[in-house]
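Enquirer: Structure for the following, please:
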Amino acid sequence: MPKRPHGPDDPRHPQNGGIGWSIGSNGLTAAGQSDLLKHLGRHLQDTYQNILREPAPDRLHRLMKRLEEPRDSDEEP
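Expert: Numbers count the residues shown, from 1 in each chain. Next up, the predicted model:
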């Protein structure tokens, strides 16, 4: 869900004078909001865990090898 800014006249507006943000779940109960956030967290975790399991591209392997090679002390950095 897109975030929606709350204006200064909005009763949900934070007291510090800044603009507040909502995930569009203001109609949910506290338990419903908690469940929504847990679901979003699990979904994000699953998504990024799958990405981390993918093999790194060859160009990154080549770069890592170059970084691991010893450098000559006479060369400029």
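Enquirer: going forward, measure contacts and count neighbours with C-alpha atoms only.
Expert: Fine.
Enquirer: Alpha carbons only: can I get stretch 38-47 in CSV?
Expert: Extracted C-alpha coordinates of stretch 38-47, given in CSV (Å, rounded to 0.1, in the frame of the first residue of the first chain):
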residue,chain,number,x,y,z
LYS,A,38,4.0,-9.4,10.8
HIS,A,39,2.8,-10.5,7.4
LEU,A,40,4.7,-7.8,5.7
GLY,A,41,7.8,-8.6,7.7
ARG,A,42,7.6,-12.3,6.8
HIS,A,43,7.1,-11.5,3.2
LEU,A,44,10.1,-9.2,3.1
GLN,A,45,12.2,-11.7,4.9
ASP,A,46,11.2,-14.5,2.5
THR,A,47,11.9,-12.3,-0.5
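Enquirer: What average pLDDT does that stretch get?
Expert: Mean pLDDT, computed over stretch 38-47, is 92.
Enquirer: what does stretch 56-76 give?
Expert: Mean predicted lDDT for stretch 56-76 stands at 85.
Enquirer: Could you check that stretch and say which residues are buried?
Expert: Using 16 or more other CA atoms under 10 Å as the test for burial, stretch 56-76 gives no buried residues.
Enquirer: Next, the buried residues of the top helix by length along the chain.
Expert: Criterion DSSP state H: the longest helix present in the chain is helix 30-53. Judged by neighbour count (16+ other CA under 10 Å), helix 30-53 contains these buried residues: Gln33.
Enquirer: That one: what's the following helix or strand?
Expert: As assigned by DSSP states H and E, the chain's next helix or strand after helix 30-53 is helix 58-68.
Enquirer: Could you name the helices and strands sitting against that following helix?
Expert: Applying 3 or more CA pairs under 8 Å, 6 or more residues apart in numbering; DSSP states H and E, we find helix 58-68 packed against no helix or strand.
Enquirer: Leu63 and His39: what is the separation?
Expert: 37 Å (CA to CA, to the nearest Å).
Enquirer: coming back round to it: which other helices and strands contact the longest helix of the chain?
Expert: Against helix 30-53 (3+ CA pairs under 8 Å, 6+ apart) you get no helix or strand.
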